[in-house]
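**Student:** Okay, predicted coordinates and the sequence, questions at the end:
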Amino acid sequence: MNLSVKDIFSVTLILFSVIDIIGSIPIVIDLRKKAGHIESFKATLVAGVLMIAFLFFGKSILNLFGIDIGSFAIAGGIVLLLMGMEMIMGIELFKSEPEEASASSIVPLAFPLIAGAGTMTTIISLRAVYALENIIVGILLNLLFVFVVLKSSSWLERKIGPGGFSIIRKVFGIILLAIAIKLFKTHINF
């Protein structure tokens with residue numbers, strides 16, 4: 001075992017900033033309003049499985065389909081762009097059918113919001129620098145925090161209030177658009 005508190009702390013902070021679950025609270029609240037509820041454990045579990053699987057098999061999976069990391073990042077950017085437009089313009093692009101309510105905990109919450117292209121790309125990058133066990137612990141610590149935030153989304157919504165939620169939703173919609181544009185700029189080669 002190559003566990004290092006310093007490396008675990010570094011990995012945890014890097015992933016925390018990329019996952020940005022705090023910044024995603026308005027999106028989580030919006031998804032909960034549309035679906036009626038969010039299955040916090042299911043979303044966290046699926047995101048965790050995706051991150052761990054990508055840690056071990058990410059490059060191989062993308063190579064199997066002939067997809068480069070840039071294309072993967074752009075696809076995730078498109079989903080983020082659409083979610084941002086939804087938040088800013090007050091339109092509904094991701095319509096959820098009653099029978100698909102439990103799926104909203106997976107798409108777009110677990111993927112691409114929590115375990116999206118940025119997270120997956122970061123995980124591949126971390127693998128080149130840090131020991132595998134330190135990355136796994138960092139992922140697990142982030143998943144624990146994600147679960148707590150998802151579980152407390154109703155409480156957070158009550159504290160923020162409808163007016164505050166509307167303002168925060170628009171601000172974070174613009175941030176999502178900016179993240180999507182950054183993904184495009186970084187990975188589109190002219």
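**Tutor:** Done, it's in. Numbering: from 1, shown residues only.
**Student:** Which stretches in the protein count as helices?
**Tutor:** Secondary structure of the chain, counting by DSSP state H: helices at 5-19, 25-35, 40-64, 69-89, 117-127, 132-151, 153-187.
**Student:** residues of the longest one that come out buried?
**Tutor:** The one in question is helix 153-187. Within helix 153-187, the residues that count as buried by 16 or more other CB atoms under 10 Å are 153, 157, 160, 165, 168-170, 172-173, 175-177, 179-180, 183, 187. Any C-beta I mention is one placed from the backbone N, CA and C, and that applies to glycine too.
**Student:** And the residues you listed, which is the shakiest by pLDDT?
**Tutor:** Within the set of those, pLDDT is lowest for residue 165 (73).
**Student:** Next, the contact list for it, please.
**Tutor:** 26, 29, 157 (CB atoms under 8 Å, 6 or more residues apart in numbering).
**Student:** which ones are touching the residue nearest to the second one when sequence neighbours are not counted?
**Tutor:** Leaving out its chain neighbours, the residue that sits closest to residue 29 by CB to CB, 6 or more residues apart in numbering is residue 157, at 4.8 Å. Shown in contact with residue 157 (CB under 8 Å, 6+ apart): 29, 32, 165.
**Student:** how much space is there between the residue positioned nearest the centre of the chain and residue 147?
**Tutor:** For the chain, the residue nearest the mean C-alpha position is residue 114 (2.0 Å; CA atoms, centre = their mean). If you measure residue 114 against residue 147 using CB to CB, to the nearest Å, the figure is 10 Å.
**Student:** about what we covered before: hang on, the residue nearest to the centre of the chain packs against residue 18?
**Tutor:** No - shown here, residue 114 and residue 18 do not form a contact pair, counting by CB atoms under 8 Å, at 10.1 Å.
**Student:** Counting neighbours, what do you get for residue 1?
**Tutor:** Residues near residue 1, counting by other CB atoms under 10 Å, number 6.
**Student:** nearest spatial neighbour of it, skipping sequence neighbours?
**Tutor:** In space, and not counting its chain neighbours, residue 1 is closest to residue 133: 5.9 Å by CB to CB, 6+ apart.
**Student:** Neighbours of the one you found, how many?
**Tutor:** Residue 133 has 14 neighbouring residues, counting by other CB under 10 Å.
**Student:** And for residue 3?
**Tutor:** Here the count is done by other CB under 10 Å, and residue 3 has 11 residues near it.
**Student:** follow-up on the earlier one: turn the contacts of residue 165 into CSV, columns for distance to residue 78.
**Tutor:** Formatted as CSV, the contacts of residue 165 follow (distance: CB to CB, whole Å):
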residue, distance to residue 78
26, 20
29, 23
157, 28
